[in-house]
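Chemist: I'll drop the sequence and a predicted model, then ask my questions.
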Amino acid sequence: MNIDERLKDIAFYQYHPEYLPFIGEKFDEYRILHIGESHFLDQSKSDATISLKDLEGWWTGQENPKIAEQSKESNYTTRNIVNRYMNVKRTKAHGIFTNVARSFSENILGESGLSPEAASKNYKYFAFMNFFQQPSLYKGASYWEALRYATNEDRKKHPVASELWAECACHSARVLDAVIDILEPKLVIFTSKSATEAYRDDCKNGKHAKEKDLVIYTYHPGSPYWNRPGQLTENKTGREAFEDALKTLKPKG
């Protein structure tokens, strides 16, 4: 049984194959699994036609037709997102991939000063998935921001949003742990503070969350903290934290 067949055996991916991780053709050479935050639905807060109610049954495979229709689009299908980035169109929003690929290219392959197009070709050395295995309801909104807005709760008190967050975090952690067990990466790099907090801090059953030699937590490569010291990365820049981790993958000698 090949890796893809084993991934498809994970119950969640039988419900939501659109969330299957991207696996680059050269992933096996360095075995880096890159973790982002979440997909999002193609709707704004002002024109939303899909609500939290439509997500009921998400974890048990009772898919809502309105959401299933959106899964055909590239902004809601993991493999389409990355393949479009690598082969079709790159924008500023793709900094999450380009900045990671540039750091990898410079520190592992010895290639510096790459254009976004050239850097994107080296993303074939990565596997990628978002941590939250349920989409943000609104385009461009973080998963937590969308939950809080959709529940319309007081700014300081948000019990319903918090409960939904915890439910998603724990379901997502189980999916991620199953993926790690199958892919057997040498390095797992989180590039989302929100995903870090969900997996490492909020969800108590993250199997690999505390494995410091395997899992690295850093900031979104498109955020200021990729080039600015931050608390999450122990006063390193996000880029420095990632590149320090990459050094452990370089051949000795």
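Modeler: Good, I have the coordinates. Here the structure is a predicted model, which means the values were calculated and not measured.
Chemist: downstream of the worst-scoring helix or strand of the chain on mean pLDDT, the next helix or strand is which one?
Modeler: Ranked by mean pLDDT, DSSP states H and E, the helix or strand of the chain with the weakest confidence is helix 65-70, at a mean of 79. Next helix or strand after helix 65-70 toward the C-terminus (DSSP states H and E): helix 78-87.
Chemist: quick one: contacts of that next one?
Modeler: With CB atoms under 8 Å, 6 or more residues apart in numbering as the contact definition, helix 78-87 has outside contacts at 18-22, 39, 73-75, 94, 97, 120-121, 123-124, 128-130. Bear in mind the C-beta positions are built from the backbone N, C-alpha and C, glycine included.
Chemist: then stretch 153-171?
Modeler: 12, 52, 59, 132-134, 143-144, 147-148, 150-151, 198-199, 202-203, 205.
Chemist: out of the contacts of helix 78-87, which are buried?
Modeler: 18-22, 39, 74, 94, 97, 120, 123-124, 128-130 (16 or more other CB atoms under 10 Å).
Chemist: closest one of these to Ile182?
Modeler: Closest approach to Ile182 among the buried ones among the contacts of helix 78-87 (CB to CB): Pro21, at 9.4 Å.
Chemist: that closest one contacts Val179, doesn't it?
Modeler: Yes: between Pro21 and Val179 a contact is recorded at 5.9 Å, counting by CB atoms under 8 Å.
Chemist: now Ser112: how far from Glu106?
Modeler: Counting by CB to CB, to the nearest Å, the gap from Ser112 to Glu106 is 5 Å.
Chemist: whoops, Lys121 was the one
Modeler: Lys121 sits 14 Å away from Glu106, going by CB to CB.
Chemist: same thing with Ser223?
Modeler: 20 Å.
Chemist: what's the helix or strand for the residue lying closest to Leu147 once chain neighbours are set aside?
Modeler: Leaving aside its sequence neighbours, Leu147 sits nearest to Ala161 (CB to CB, 6 or more residues apart in numbering; 4.2 Å). Using DSSP H and E, Ala161 sits in helix 159-183.
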